[in-house]
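[1] Sequence first, then the predicted structure:
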Amino acid sequence: MASDALRDAHSAKSEADKADAAAKNSKARVDRVVLEAGRLQKVNVTRLSELQSEIQRLRTEFTQKDLADIITELKKAKEEQKQFVMEYREKVRKRRVEIAELEQLHSSLSSVTCDS
């Protein structure tokens, strides 16, 4: 019975030590947050209306852009991409021909013996 009480007391002390460590850890984190909060700058609201005006101006400019111009730009980009792909495919075709020729050369040279 005394050993059970001793074990319970030891367990209670261990739990108390854990709780104390957790409380100290929490206090340290709160202290860090308070310290960081003191370092934060105040929000500059004087520029807020200026930034809102700039955003509104940009939105208006964007929506006023002629849809035909956008379509023309997209078609041009599509044609440029198509041209790039065609040129790239041609390069790939040429490299495949070169590789086939090199393989054929290697094959024909591997059958040649050197007589010294």
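    That came in fine, so what should we check first? Since the model is a prediction, treat every value here as computed from it, not as a measurement.
[2] And Ile55, how far from Val97?
    Noted for Ile55: a distance of 56 Å to Val97, by CB to CB, to the nearest Å. C-betas here are computed from N, CA, C, even on glycine.
[3] what do you get for Val30?
    72 Å.
[4] can you check Ser26 too?
    Taken as CB to CB, the span from Ser26 to Val97 is 72 Å.
[5] Run through the chain and note the low-pLDDT ranges.
    1-2, 5-6, 8-9, 37-38, 40-44, 65, 115-116 (pLDDT under 70).
[6] in what helix or strand does Ser53 lie?
    helix 48-64 (DSSP states H and E).
[7] Can I get that helix in PDB, CA atoms only?
    Extracted in PDB, the C-alpha atoms of helix 48-64 (Å, rounded to 0.1, in the frame of the first residue of the first chain):
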ATOM      1  CA  LEU A  48      -4.600  53.100 -48.900                       C
ATOM      2  CA  SER A  49      -6.800  55.400 -50.900                       C
ATOM      3  CA  GLU A  50      -4.000  56.000 -53.400                       C
ATOM      4  CA  LEU A  51      -3.500  52.300 -53.900                       C
ATOM      5  CA  GLN A  52      -7.300  51.800 -54.200                       C
ATOM      6  CA  SER A  53      -7.400  54.500 -56.900                       C
ATOM      7  CA  GLU A  54      -4.400  52.800 -58.700                       C
ATOM      8  CA  ILE A  55      -6.200  49.400 -58.600                       C
ATOM      9  CA  GLN A  56      -9.400  50.900 -60.000                       C
ATOM     10  CA  ARG A  57      -7.500  52.700 -62.800                       C
ATOM     11  CA  LEU A  58      -5.800  49.500 -63.800                       C
ATOM     12  CA  ARG A  59      -9.100  47.600 -63.700                       C
ATOM     13  CA  THR A  60     -10.600  50.200 -66.000                       C
ATOM     14  CA  GLU A  61      -7.700  50.100 -68.300                       C
ATOM     15  CA  PHE A  62      -7.800  46.400 -68.500                       C
ATOM     16  CA  THR A  63     -11.500  46.200 -69.200                       C
ATOM     17  CA  GLN A  64     -11.300  48.900 -71.800                       C
END
